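> take a look and give me a structure for this.
(one chain, ligands or ions: 1)
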Amino acid sequence: MKTAVIVIDMINDFVAGIFKNERAKNIIPSIKQLLNFAHNDKIPVIYANDAHLPNVDTEFDVWGQHAVVGTWGAQIVEELRPERGDFVLQKRRYSAFQGTDLDQLLRELKVDTLVLTGVITDICVQHTAADAFFKGYKIIVPEDCVETANEQTQKAALGYLKRVYGSKITRANEIVKKWS
Ligand code: ZN
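Purely as a prediction, here's the structure:
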């Protein structure tokens with residue numbers, strides 16, 4: 001089993017900007033803990049960030065403009081700034097696989113298991129999990145490293161991820177224990 005950590009949409013617009021979300025802010029320390037261990041253990045860290053084309057992307061019909069490529073809103077939050085050797089992918093759809101070379105990268109890294117972190121649990125995390133499942137990756141979701149609008153939606157989304165994609169729902173410190 002070779003693992004990679006995927007960090008989804010931990011960018012300013014989803015934490016402090018247009019979609020400001022205190023709950024998203026609260027998962028930063030757990031993600032940070034995971035990334036520190038991943039870096040120490042040479043586990044690949046891959047960021048997948050919304051980087052929408054202004055006025056073009058179909059998502060804007062649903063959500064309005066957000067995370068426009070090149071803006072502050074599309075930048076990774078300060079606390080989780082990538083380190084040397086991390087991978088940063090730009091996406092224009094919910095799924096981190098859509099229109100990116102994530103699958104190719106994971107295959108080159110010989111990764112078969114994904115630890116999914118970031119926001120939003122029931123949107124971009126869930127759609128990334130769907131594509132990961134279709135492509136045959138195993139999925140681990142530390143529940144303290146993903147967030148959404150409220151507790152009820154969070155519970156429902158985690159239940160869905162477990163039931164439909166066989167995701168292992170755990171916590172950051174449990175993963176870190178296994179790594180160390
Ligand atoms: Zn978006």
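
> point out where the chain drops to low pLDDT.
Judged against pLDDT under 70, the chain has no low-scoring part.

> now do the strands in it.
Along the chain, the segments classed as strands by DSSP state E run 3-8, 45-50, 87-91, 113-119, 138-142, 146-147, 168-170.

> turn the ones you listed into a markdown table, including distance to the ion and mean neighbour count.
No exception for glycine: its C-beta is placed from N, CA and C like everyone else's. Formatted as a markdown table, these follow (distance: least, CB to the ion, whole Å; neighbours: other CB atoms under 10 Å):
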| stretch | distance to the ion | mean neighbour count |
| --- | --- | --- |
| strand 3-8 | 11 | 25 |
| strand 45-50 | 4 | 24 |
| strand 87-91 | 8 | 17 |
| strand 113-119 | 11 | 25 |
| strand 138-142 | 20 | 21 |
| strand 146-147 | 16 | 28 |
| strand 168-170 | 25 | 15 |
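
> what about the helices in the chain?
Counting by DSSP state H, residue ranges of the helices within the chain are 12-15, 22-26, 28-40, 60-63, 102-108, 126-134, 151-165, 172-179.

> convert the third one to CSV, retaining C-alpha atoms only.
It refers to helix 28-40. The C-alpha atoms that make up helix 28-40 are tabulated as CSV, following Å, rounded to 0.1, in the frame of the first residue of the first chain:
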residue,chain,number,x,y,z
ILE,A,28,-6.3,23.5,9.4
PRO,A,29,-4.3,22.2,12.5
SER,A,30,-5.3,18.6,11.8
ILE,A,31,-4.3,18.9,8.1
LYS,A,32,-1.1,20.6,9.2
GLN,A,33,-0.3,17.7,11.6
LEU,A,34,-0.9,15.2,8.7
LEU,A,35,1.2,17.1,6.3
ASN,A,36,4.1,17.4,8.7
PHE,A,37,4.2,13.7,9.1
ALA,A,38,3.7,13.1,5.4
HIS,A,39,6.7,15.3,4.7
ASN,A,40,8.9,13.5,7.3
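
> done for today, thanks.
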